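> the following comprises the amino acid sequence and a computationally predicted model.
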Amino acid sequence: MDLQLLTKAVGDLDEPKVLGMLKEFAASNPTAEETAAVVSACQKGMTIVGDLFDAKEYFVGDLIFAGELLSSAIAILKPVMGGEETVNTGKIILATVEGDLHDIGKNIFKSMSEAAGFAVYDLGIDTPPNAFVEKIKEVQPQIVGLSGVLTLALDSMKNTVQAINDAGLRNGVKIIIGGNPVTEEACKMIGADAYTTNAAEGVKICQGWVS
């Protein structure tokens, strides 16, 4: 398997090539180490996609496609990944906050996080603060991701962070917010640890927290 070629194919969003290479690889009875290297090559390709998006060469549609491509790639590799051992990066609880029904950005972030080895618990859209609190108690994640596209989502994010705080769980988790309306100012107002409008950058932040 030419890992650099795979990275380039992912970066180019060349779906037939990526899936063809991965199917061939999965059929070759690879070791868990070899599979980990292939997953890593796919991740590097996603970083290229993120960089091209930042450079305005790729658009949101490309990011959505990249997220779907990554999900397909992981589905092919899952059987040869050596069970759950690859998911050892950390746990992320993720949801679109109450009052917001957008999930494209959340889903892209989820695909990229899973590819980076995180176990992601996706609570879906329009998620009330208490649902976050209950799930944090249940799975004890290192990271909570709040997603939203509408301006009103900022208030919901603030309420969610407040609820996590009130439940005495805030010190145990890092909170990242993502979506169109988030800014540094909003991040401070909400009480989150970080914000991002770019899924690939968000995953890098999360990796930094757990490393």
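Perfect, thanks for sending it.
> okay, CA-based contacts and neighbour counts for the rest of this
Noted.
> if I look at Val173, how far off is Lys135?
Taking C-alpha to C-alpha, to the nearest Å as the measure, Val173 falls 12 Å from Lys135.
> more neighbours, the two?
A direct count of neighbours by other C-alpha atoms under 10 Å for Val173 and Lys135 places Val173 higher, at 17 against 14.
> hmm, the more buried one is touching Ile143, no?
Yes - counting by C-alpha atoms under 8 Å, Val173 does reach Ile143; the two are 5.2 Å apart.
> what's the domain layout of the chain?
What automatic domain parsing lists as the domains of the chain is 3-80, 90-210.
> which of these comes out lowest on mean pLDDT?
Mean pLDDT across the domains of the chain is lowest at domain 3-80; the value there is a mean of 89.
> helices along this structure, start to end?
Along the chain, the stretches classed as helices by DSSP state H are 3-11, 15-27, 32-54, 60-77, 104-115, 129-139, 153-166, 184-190, 199-210.
> out of these, deepest packed?
helix 104-115 (a mean of 23; mean count of other C-alpha atoms under 10 Å).
> quick one, that helix and helix 32-54 angle?
Relative orientation of helix 104-115 versus helix 32-54 (axes from the mean of the first three to the mean of the last three C-alpha atoms, to 10 degrees): 150 degrees.
> so which elements touch helix 104-115?
Packing partners of helix 104-115 (3 or more C-alpha pairs under 8 Å, 6 or more residues apart in numbering; DSSP states H and E): helix 32-54, helix 60-77, strand 90-96, strand 118-122, helix 199-210.
> Thr183 and Ser147: what is the separation?
Distance from Thr183 to Ser147, by C-alpha to C-alpha: 13 Å.
> who's more crowded, those two?
Comparing Thr183 with Ser147 by other C-alpha under 10 Å, the one with more neighbours is Ser147, at 37 against 16.
> relative to Leu13, which of the helices and strands packed on helix 104-115 is closest?
Across the helices and strands packed on helix 104-115, Leu13 has its closest neighbour in helix 60-77 (6.5 Å, C-alpha to C-alpha).
> for that closest one, list the C-alpha coordinates in CSV.
In CSV, the C-alpha atoms belonging to helix 60-77 read as follows (Å, rounded to 0.1, in the frame of the first residue of the first chain):
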residue,chain,number,x,y,z
VAL,A,60,-18.6,23.3,2.3
GLY,A,61,-19.9,20.7,-0.2
ASP,A,62,-16.4,19.3,-0.5
LEU,A,63,-16.1,19.0,3.3
ILE,A,64,-19.4,17.2,3.4
PHE,A,65,-18.2,14.9,0.7
ALA,A,66,-14.9,14.4,2.5
GLY,A,67,-16.8,13.4,5.7
GLU,A,68,-18.8,10.9,3.8
LEU,A,69,-15.7,9.5,2.0
LEU,A,70,-14.1,9.1,5.4
SER,A,71,-17.1,7.3,6.8
SER,A,72,-17.0,4.9,3.8
ALA,A,73,-13.2,4.4,4.3
ILE,A,74,-13.6,3.6,8.0
ALA,A,75,-16.4,1.2,7.2
ILE,A,76,-14.1,-0.7,4.9
LEU,A,77,-11.3,-0.7,7.5
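> I am finished for the moment; much appreciated.
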